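In: give me coordinates for this.
(2 chains)
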Amino acid sequence: KAGVTQTPRYLIKTRGQQVTLSCSPISGHRSVSWYQQTPGQGLQFLFEYFSETQRNKGNFPGRFSGRQFSNSRSEMNVSTLELGDSALYLCASSHQGGTNEKLFFGSGTQLSVL
Amino acid sequence: SQQGEEDPQALSIQEGENATMNCSYKTSINNLQWYRQNSGRGLVHLILIRSNEREKHSGRLRVTLDTSKKSSSLLITASRAADTASYFCATDAGSSYKLIFGSGTRLLVRP
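Out: All right, here's what the predicted structure looks like:
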């Protein structure tokens, strides 16, 4: 089985731009979670999707949004980028998304905002 | 805010020694998980322990959970250079669909 695939691997944007990151979960997994990782704040939960529905959301401004498609692939969007949005964005998938399941992570998208 | 806090923040040991990392959390949990991250990569699941379990083993890994103290520990025995990575605990804080990660312990195993 292929693992979790995130594209692109690296992105460089300038302040004020918007960006879309993509995540393809493991085949058969219906839950996708997104995390932001920075040296200062560590791993912060962004949101979790299951069957195209957002079930949980972290403490991020409305500039951060996401969606999930019927094939379980997910995208997250950040609008009006700020310097502080520079981070490694990780997505993870699991079968049902319960916390009694292990998460399978992608390699992440490294976003740099200049 | 972080639910779990790992201690120590960094640990440097010689190959062959044991490494112990601790995780403390604030609110009641259903499950606690440990993950490893090699530099700049995605996380890899190591072990899951449920709130009604006290200890779990997987190969060279041993995890304990003390819900009365709201703490867990990860022991890696006979460490290898390949164990060099950051280790994170993750808890659910009673939530069904959200895992919250701690700040991590950076482990360096010197050959």
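
In: which helix or strand contains the residue nearest in space to the middle of chain A?
Out: Nearest to the mean C-alpha position of chain A, counting by CA atoms, centre = their mean, stands A:Trp34 at 3.3 Å. Assigning secondary structure by DSSP states H and E places A:Trp34 in strand A:31-38.

In: parallel or antiparallel, list what pairs with that strand.
Out: Partner strands and pairing direction for strand A:31-38 (DSSP bridges) are strand A:42-50 (antiparallel), strand A:87-94 (antiparallel).

In: interface residues of chain B facing chain A?
Out: B:2, B:30-31, B:33, B:35, B:40-45, B:48, B:50, B:88, B:92, B:95-104 (CB under 8 Å from any CB of the partner chain). C-beta coordinates here come from the backbone N, C-alpha and C atoms, glycine included.

In: pretty sure the residue nearest to the centre of chain A is touching A:Leu43, no?
Out: No - the pair A:Trp34 / A:Leu43 is not scored as a contact, 10.8 Å apart, by CB atoms under 8 Å.

In: what do these two both touch?
Out: A:Leu90 (CB atoms under 8 Å, 6 or more residues apart in numbering or on different chains).

In: what residues does stretch A:57-67 touch?
Out: A:34, A:36, A:44-49, A:52, A:54, A:74-80, B:98.

In: where in chain A is pLDDT low?
Out: In the prediction, chain A carries no residues with pLDDT under 70.

In: run through the bridge partners of B:Arg62.
Out: With DSSP bridges as the rule, B:Arg62 is bridged to B:His57, B:Leu75.

In: show me what contacts it?
Out: Taking CB under 8 Å, 6+ apart, one finds B:55-56, B:74-75, B:77 in contact with B:Arg62.

In: now swap in A:Gln68 and tell me
Out: A:32, A:49-54, A:74.

In: which residue comes closest to it once chain neighbours are left out?
Out: A:Tyr49 (3.8 Å; CB to CB, 6 or more residues apart in numbering or on different chains).

In: which ChimeraX command selects the buried ones in the contacts of A:Gln68?
Out: Filtering the contacts of A:Gln68 down to the buried ones (16 or more other CB atoms under 10 Å in any protein chain shown) takes a single ChimeraX command:
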select /A:32,49,50,74
